[in-house]
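what follows is a protein structure lacking sequence information:
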């Protein structure tokens, strides 16, 4: 089944960035240890657009800047319906397994740190989300992002089935 990925132009968006995780990584060379920093960042306009990126550099600020640049190249549109998702979705990435479910108004974002950053950046205000398996923030962000790309709105479902939008809701 093909996923429905919707790309977005960056120039006309007001994106906010959230640093999910920064790690110090070490490379052992003949001359000793070389330290650098790895960062994962989520950007979004808090309406319907979100992206993530990873950066690695000798300084924290440089790693974050690289991750933001990468995230801006990796933006997608998420179908947000009344502040929540249209339907339940599950996704896996490596050892991380995430489940995102729509929630009634006023519930809030019930999710862990890495998932919360992605969902809030996408503009989702009411959602129930769980993460099973790996708690590695890199894999959790990627699994959450994969779940959001697989979510389909009513219009896409109607086009896929070859029926009108009214028939999707009325049977």
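All right, it came through fine. None of the values given here were measured: they were computed from a predicted structure.

the residue nearest the centre of the chain: what secondary structure?
Closest residue to the average C-alpha location of the chain: residue 145 at 3.4 Å, with CA atoms, centre = their mean. Secondary structure assignment for residue 145 (DSSP: H, G, I helix; E, B strand; the rest coil): helix.

likewise the one 10 residues further on?
When classified by three-state DSSP, residue 155 comes out as helix.

quick check: the gap between the closest residue to residue 51 other than its chain neighbours and residue 30.
Excluding its sequence neighbours, the residue lying closest to residue 51 (CB to CB, 6 or more residues apart in numbering) is residue 75, at 3.8 Å. All C-beta atoms are positioned from the backbone trio N, CA, C, and that covers glycine. Noted for residue 75: a distance of 41 Å to residue 30, by CB to CB, to the nearest Å.

which of those two has more neighbours?
When neighbours are counted by other CB atoms under 10 Å, residue 75 and residue 30 differ, and residue 75 comes out ahead with 21 against 4.

isn't that one up against residue 45?
No: using CB atoms under 8 Å, residue 75 makes no contact with residue 45, being 9.1 Å away.

who touches both of these two?
residue 13 (CB atoms under 8 Å, 6 or more residues apart in numbering).

which parts of the lowest-mean-pLDDT helix or strand in the chain are buried?
Lowest on mean pLDDT, DSSP states H and E among the helices and strands of the chain sits helix 165-170, with a mean of 74. With burial defined by 16 or more other CB atoms under 10 Å, the residues of helix 165-170 counted as buried are residue 168.

got it, and stretch 134-151?
134, 136-149, 151.

what do you get for stretch 97-111?
Residues of stretch 97-111 classed as buried by neighbour count (16+ other CB under 10 Å): 97-103, 109, 111.

just those: which are in strands?
97-102, 109 (DSSP state E).

in this protein, where is pLDDT below threshold?
Applying pLDDT under 70 to the chain flags residues 1-12, 169, 171.

report the contact partners of residue 91.
Contacts of residue 91 by CB under 8 Å, 6+ apart are 97-98, 143-144, 146-147, 150.

strands paired with the host helix or strand of it, and their directions?
Assigned by DSSP states H and E, residue 91 falls within strand 89-93. Sheet pairing for strand 89-93, assigned by DSSP bridges, gives strand 96-102 (antiparallel).
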